[in-house]
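S.K.: let me see the structure of the following:
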Amino acid sequence: MTDRLSQAFSALADPTRRDIVARLTAGDATVGELAEPYDMSLQAVSKHLKVLEEAGLVTRGRDAQRRPVHLEAEVFDLMTRWIERYQRRAEERYQRLDTVLADLQGRDTAPDLTEDTA
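M.R.: Model (predicted):
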């Protein structure tokens with residue numbers, strides 16, 4: 001079985017699922033409410049939700065007659081930490097590159113003191 005991070009990124013690879021997640025940031029919603037803007041059946045939206053649920057990105061609750069879908073922050077925190085770790089590494093590499101380029105540029109513009117000016 002794949003790890004949670006892989007499942008989360010895989011689940012979010014689909015634009016419809018990303019849109020569902022974006023809509024859930026405004027608050028919980030039922031399957032019917034989530035299905036409204038799409039030209040697909042409730043079953044198709046439910047399948048998308050099942051993938052999101054298996055990845056730990058959403059949970060389905062029970063509120064009287066409603067079964068609201070709730071966005072779970074824990075997996076997003078895991079994803080954010082993973083992205084930030086590699087973002088920091090990339091930024092460090094770019095900073096080292098900037099330092100090297102600045103050193104090279106400084107050498108090109110520095111006066112050559114070895115030439116005889118007389």
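S.K.: now the helix ranked longest in the chain: how far from the chain's centre is it?
M.R.: Criterion DSSP state H: the longest helix present in the chain is helix 73-109. Centroid separation for helix 73-109 versus its chain: 18 Å, with Cα atoms, centre = their mean, to the nearest Å.
S.K.: what packs against it?
M.R.: helix 4-11 (3 or more Cβ pairs under 8 Å, 6 or more residues apart in numbering; DSSP states H and E). All C-beta spots, glycine's among them, are computed from the backbone N, C-alpha and C.
S.K.: which secondary element of this structure has the worst mean pLDDT?
M.R.: Lowest mean confidence among the helices and strands of the chain (mean pLDDT, DSSP states H and E): helix 73-109, at a mean of 87.
S.K.: list the buried residues in that one.
M.R.: Across helix 73-109, burial judged by 16 or more other Cβ atoms under 10 Å covers V75, F76, M79.
S.K.: tell me who's in contact with the nearest residue to the last one once chain neighbours are set aside.
M.R.: Okay, so that is M79. Nearest residue to M79, sequence neighbours excluded (Cβ to Cβ, 6 or more residues apart in numbering): A8, at 5.5 Å. The neighbourhood of A8, defined by Cβ atoms under 8 Å, 6 or more residues apart in numbering, consists of A55, G56, L57, V75, F76, L78, M79.
S.K.: may I ask you to confirm that E74 is in contact with A55?
M.R.: No. With contacts counted by Cβ atoms under 8 Å, E74 stays clear of A55, the gap being 11.3 Å.
S.K.: residues of stretch 28-40 that come out buried?
M.R.: Here stretch 28-40 shows D28, A29, T30, V31, L34, A35 as buried, counting by 16+ other Cβ under 10 Å.
S.K.: contact partners of stretch 59-73?
M.R.: Contacts of stretch 59-73 (Cβ under 8 Å, 6+ apart): 21, 24-25, 28-31, 34, 49, 53, 56-58.
S.K.: which pair of those residues spans the longest distance?
M.R.: Using Cβ to Cβ, those reach their maximum pairwise distance at T30 and G56, which is 20.0 Å.
S.K.: coming back round to it: just the angle between the longest helix of the chain and helix 4-11, please?
M.R.: 90 degrees (axes from the mean of the first three to the mean of the last three Cα atoms, to 10 degrees).
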